[in-house]
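Peer 1: Sequence and predicted structure, then a few things I'm wondering about:
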Number of protein chains: 2
Amino acid sequence: MSEKWVTLEKEFLQYIKQIAAYNEAIGLIYWDMRTGAPKKGIDQRAEVVGMLSSNVYDLSTSEKMAAYIAELSSPEAKAHLSAITVKALEECKKEYEMNKKIPKEEYEEFVVLQSKSESVWEEAKSKSDFSIFQPYLEKLVETTRRFVQYWGYEGNPYNRLLDLYEPGVTVEVLDRVFGQLRKDLVALAQEVQSSSSKPDTSKLFFPFSKEKQKEFSLEVLKGLGYDFEAGRLDETVHPFATGLNKGDVRITTNYNEKDFRTAIFGTIHECGHALYEQNISSDLAWTPLAGGTSMGIHESQSLFFENFVGRSFGFWKKNYELLKSYANGSLDDLSLEDFYRAINESKPSLIRIEADELTYPLHIMVRYEIEKGLINGEIAVKDLPEVWNAKYEEYIGVVPNNDAEGVLQDVHWSGGSFGYFPSYALGYMYAAQIKNSMLKELPNYDELLEEGNLQPIKDWLTENIHQYGRMKKPLEILKDVTNEELNAQYLVEYLKDKYSKVYQLV
Amino acid sequence: MSEKWVTLEKEFLQYIKQIAAYNEAIGLIYWDMRTGAPKKGIDQRAEVVGMLSSNVYDLSTSEKMAAYIAELSSPEAKAHLSAITVKALEECKKEYEMNKKIPKEEYEEFVVLQSKSESVWEEAKSKSDFSIFQPYLEKLVETTRRFVQYWGYEGNPYNRLLDLYEPGVTVEVLDRVFGQLRKDLVALAQEVQSSSSKPDTSKLFFPFSKEKQKEFSLEVLKGLGYDFEAGRLDETVHPFATGLNKGDVRITTNYNEKDFRTAIFGTIHECGHALYEQNISSDLAWTPLAGGTSMGIHESQSLFFENFVGRSFGFWKKNYELLKSYANGSLDDLSLEDFYRAINESKPSLIRIEADELTYPLHIMVRYEIEKGLINGEIAVKDLPEVWNAKYEEYIGVVPNNDAEGVLQDVHWSGGSFGYFPSYALGYMYAAQIKNSMLKELPNYDELLEEGNLQPIKDWLTENIHQYGRMKKPLEILKDVTNEELNAQYLVEYLKDKYSKVYQLV
């Protein structure tokens, strides 16, 4: 009797292996497109991607898939399946239902709308004119609201979208943690701005050749434990990390020859993403579980490395001399202490991707509140520029001069992505809360950084987070690691502590 | 009535488009593997390739394909099809029959044998011991002979293998042209060796940084008309060119910091391959016709550029100063004339891939005669080292000291490739014969090189060869371009003329 299940399980795993293989090929093609594929070949390549993607869609929504889901989901079946198969089946089921609930024509219309909207958004941004984009955004919001109805939801309709990126996190959770975060960070940011002891950043900007920055970046990556036999570093306009399989997790960075911070912190950030993917259990290969469990947990790992490692004093105590050796004398007059303060400057700004650690979450909250309002029908698209500017003034204390540096700055909405933004701030909170737990087992954390001994930190993250891939849901990981629910207090405390020192607050 | 054919033709083209798309994805994956894919990801990636390849196999041998072939091959159907569809169908039919005639189990056994043999060959070569490889080569020969029986053949069994790489070229043709070539080239090589005025190559070897060689290579590629918006240059151990689609034809080269000749002539050679693929008619996209028509014609284009352009006096008259400007003073004492003579040195050698223009075809003939003997049962595998060494002594005047620099030097046989080698020498002969025709229309050929005006040469090649892709068979192209059959005399004359000057023969 159990032989039947063994056979069926094997067949199912073989079936989903095809999906993983197509996705791996697609992933490589995208990496190649972004790192230097010749432009005249792109149109044809896009059709190749289209075909491979439609294979993935077909396999994920086939009658065969429906049959696997039906047969293997029974309690009797589950008793015979491995834990991995059970979880993989859940992922396939979720995907299947998501796809099946949208009428095919409506989905196809949406894909056309997405691609059209992205180019319209580009035009609107370049002309700094929201009214060009407005009718498209209205359609995108309207379609998304309709899809939410098809999918169904519990509580707030926006919960359905959050679930796409951060399963388990709801409006109720976000309102609670963002409420606290906003209150505390707005106050802290104001205190920082009124400090009379501000860091001096003037010495950070000197000519720093791409080649030298690259050599330094490679040294840093080595020091962080990035496995170059399972990855590589390339250059792109927008840095990213991509895990093709656990033995091939590539990162990119961008070099600004007038501001080395772009490359170094970008590289460390992407390294955090990559370490996650390089350390997922190989047992999960060829299943939908062989990746980070959510946007938020992924971001927690990149931010952990970028901020708790890369912007820490201990890290620079170890690495500042090395940086100086690549900087051609330009940092010789800047003490370690002043360097550390300078790279941790906080300044209210208009542009999210240029924001510092302290103000970044406030940029996210503006977007969260707007998205929630749009999806719930409480904010109208036509009012967005006004709403946006008011919230920026209230939370960050700055007002955009135009739509391009205001409501049009991010690409996300033009692609129909609603519910994604909160992951960025969740990642911060997760990271701070996770670090708090790590400290209980690695109380010598700061010394490890000073010694450049990252191994115990990496091992701890692998054991507690990385290895599981998508076997655990984000909040499950958080609970298992920290023994409590999501708690914004850890991020607030970390930022208070750090910025009190950097800005010498009393 | 004709509507039926229109529909069927469309369906068929859509069907084979899938094959082309999979092949394009596979091509990119191979390029990536060879240019820097992280090694820990290779095993999984190989399985992705395996799956995509088996999709190609399945589509090429399906009942659906059989039905298309049957329905569209009738004279009535053909009358309604485009010329491209008719040719594409022929390619599909050939492929279908090749595959269908081999029993599936035997083919699978052969694939296993191939991959095993390659690693055994590597070991045998590293130990310089043919006896390790011998049993595998015996099996490979035996299997190939069996496959030839399954496929059927006309005249000599070896014709069947030649047809895989060079359709239309037979043992009868090769015996004729190689017979002449051998006689004339052996004599010329001997004359060259006994010349009292040999080029002095000592000044070619100086430290030349990879970066500088790369900059020079890029300049040269630009000058040759390689389209960088439809390609890119990377570095690999073994240089190659790969056409993923006509807008994405990539080349690689290898830099030897003690001998710049490796990179520069390697780059020009691969550029010749790439120009072919960049200039195939876009009407052939997504069909099996969108590639070079044969190994030999492909090689004729790479050799045309490597030798008739890159090793010509006119080319260096234009480019020698440029080379000097990258060579950091090291060539300042070498006159253009002496430089030209030095890069055209001819020396009998043991290793094919290091051979010069004059002796290269002799290396090929050794292999041709051995392959023919093996497939016809006239040479036994066990006797190969002895046969090899005897032929090297006879044709080239040198005798290998061991198996590694003798019979084990090439990878081809270990992968079961028999019939491939002759293409290299055919490429030489095609190139010389084609150039002879080109001169009738471009009598100012040498001046064009001196001016660095390659455009008319490239245009001529595109018009007469490149654009057709696989629409014409190799000998059909040769006939259309030169108005005669394959004729070894043009290569002989070119080499006699060139080496008489370089070696100042009387």
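Peer 2: Everything's here; your move. Numbering: from 1, shown residues only, chains lettered A, B, ... in the order given.

Peer 1: Distance of A:His412 relative to A:Gln114?
Peer 2: Distance, A:His412 to A:Gln114, by C-beta to C-beta, to the nearest Å: 11 Å. Heads up, the C-betas are built off the backbone N, CA and C, glycines and all.

Peer 1: Chain B contacts on the stretch 201-350 of chain A?
Peer 2: A:227-232, A:244-250, A:285-286 (C-beta under 8 Å from any C-beta of the partner chain).

Peer 1: Could you work out the most separated pair of these?
Peer 2: Spanning the widest gap among these are A:Phe228 and A:Trp286, at 24.0 Å by C-beta to C-beta.

Peer 1: quick one, which of those two is more surrounded?
Peer 2: A direct count of neighbours by other C-beta atoms under 10 Å in any protein chain shown for A:Phe228 and A:Trp286 places A:Trp286 higher, at 20 against 13.

Peer 1: Phi and psi next, for the more buried one.
Peer 2: Backbone torsions for A:Trp286, taken as degrees, to the nearest 10, come to phi 70, psi 10.

Peer 1: Pretty sure it sits against A:Gln18.
Peer 2: No. With contacts defined as C-beta atoms under 8 Å, A:Trp286 does not count as touching A:Gln18, sitting 9.1 Å away.

Peer 1: low pLDDT regions in the stretch 1-150 of chain A?
Peer 2: Applying pLDDT under 70 to the stretch 1-150 of chain A flags residues A:1.

Peer 1: List the contacts of A:Val177.
Peer 2: A:Met429, A:Leu486, A:Asn487, A:Ala488 (C-beta atoms under 8 Å, 6 or more residues apart in numbering or on different chains).

Peer 1: The same query, at a cut-off of 6 Å, please.
Peer 2: Going by C-beta atoms under 6 Å, 6 or more residues apart in numbering or on different chains, A:Val177 touches A:Leu486, A:Ala488.

Peer 1: Ok, A:Gly291 next?
Peer 2: The contact partners of A:Gly291, by C-beta under 6 Å, 6+ apart, come to A:Arg470.

Peer 1: so it, which of the three states?
Peer 2: In three-state terms, and counting by DSSP: H, G, I helix; E, B strand; the rest coil, A:Gly291 is coil.

Peer 1: do you know how far it is from A:Arg34?
Peer 2: For A:Gly291 relative to A:Arg34 (C-beta to C-beta), the value is 18 Å.

Peer 1: same check, this time on A:Met365
Peer 2: From A:Met365 over to A:Arg34 (counting by C-beta to C-beta), the distance is 30 Å.

Peer 1: Compare neighbour counts for these two and give me the winner.
Peer 2: The neighbour comparison of A:Met365 against A:Arg34 (other C-beta under 10 Å) goes to A:Met365, with 22 against 15.

Peer 1: Where does the more buried one sit, in terms of helix or strand?
Peer 2: According to DSSP states H and E, A:Met365 maps onto helix A:360-375.

Peer 1: ok, then the element right after that helix?
Peer 2: The helix or strand immediately downstream of helix A:360-375 is helix A:384-395, counting by DSSP H and E.

Peer 1: which residues sit in contact with the residue in the stretch 301-450 of chain A positioned nearest to chain B?
Peer 2: Nearest to chain B, among the residues of the stretch 301-450 of chain A, is A:Tyr326, at 18.3 Å (C-beta to the nearest C-beta). By C-beta under 6 Å, 6+ apart, A:Tyr326 lies in contact with A:Lys212, A:Phe216.

Peer 1: try 8 Å
Peer 2: Applying C-beta under 8 Å, 6+ apart, we find A:Tyr326 in contact with A:Phe208, A:Lys212, A:Gln213, A:Glu215, A:Phe216.

Peer 1: Shouldn't the last one be within a helix?
Peer 2: It stands for A:Phe216. Yes. Assessed with three-state DSSP, A:Phe216 lies in a helix.

Peer 1: Distance-wise, check it relative to A:Tyr326.
Peer 2: Applying C-beta to C-beta to A:Phe216 and A:Tyr326 gives a distance of 4 Å.

Peer 1: Near A:His273, how many residues? Count them for me, please.
Peer 2: Burial measure for A:His273: 24 neighbouring residues, criterion other C-beta under 10 Å.

Peer 1: now it, nearest residue through space, not along the chain?
Peer 2: Leaving aside its sequence neighbours, A:His273 sits nearest to A:Ala241 (C-beta to C-beta, 6 or more residues apart in numbering or on different chains; 3.7 Å).

Peer 1: So what sits opposite A:Asp248 in the bridge?
Peer 2: Beta-bridge pairing of A:Asp248 under DSSP bridges involves A:Asn245.

Peer 1: so where's chain A shaky on pLDDT?
Peer 2: Within chain A, the segments meeting pLDDT under 70 span A:1.

Peer 1: how about the residues of it that lie near chain B?
Peer 2: A:18, A:21, A:24-25, A:28-29, A:32, A:36-45, A:47-48, A:51-52, A:227-232, A:244-250, A:285-286.

Peer 1: Could you pull out the strands in chain A for me?
Peer 2: Applying DSSP state E to chain A gives strands spanning A:233-235, A:241-245, A:248-253.

Peer 1: possible to save those strands as TSV with mean neighbour count?
Peer 2: Listed next are those as TSV, based on neighbours: other C-beta atoms under 10 Å in any protein chain shown:
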stretch	mean neighbour count
strand A:233-235	16
strand A:241-245	25
strand A:248-253	26
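
Peer 1: Export the ones you listed to CSV and append columns for distance to B:Phe178.
Peer 2: Below are these laid out as CSV (distance: least, C-beta to C-beta, whole Å):
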stretch, distance to B:Phe178
strand A:233-235, 47
strand A:241-245, 47
strand A:248-253, 46
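
Peer 1: Check the stretch 51-200 of chain A for the residue nearest chain B and tell me.
Peer 2: Residue nearest to chain B within the stretch 51-200 of chain A (C-beta to the nearest C-beta): A:Met51, separated by 4.7 Å.

Peer 1: what about that residue, distance to B:Met51?
Peer 2: Computed as C-beta to C-beta, the A:Met51 to B:Met51 distance reads 14 Å.

Peer 1: just A:Glu63 next, same as before
Peer 2: According to C-beta to C-beta, A:Glu63 stands 21 Å off from B:Met51.

Peer 1: So these two - more neighbours on which side?
Peer 2: Between A:Glu63 and B:Met51, counting by other C-beta under 10 Å, B:Met51 is the more crowded of the two (17 against 7).

Peer 1: quick one, what contacts the residue lying closest to that one once chain neighbours are set aside?
Peer 2: With C-beta to C-beta, 6+ apart as the criterion, B:Met51 has its nearest non-adjacent residue at 4.7 Å, and that residue is A:Ala21. A:Ala21 is in contact with A:Trp286, B:Glu47, B:Val48, B:Met51, B:Leu52, counting by C-beta under 8 Å, 6+ apart.

Peer 1: what's the distance between A:Ala342 and A:Tyr320?
Peer 2: 12 Å.

Peer 1: meant to ask about A:Asp163, not that
Peer 2: For A:Asp163, the distance to A:Tyr320 - C-beta to C-beta - is 44 Å.

Peer 1: And for A:Ile268?
Peer 2: Note on A:Ile268: its distance to A:Tyr320, by C-beta to C-beta, is 15 Å.
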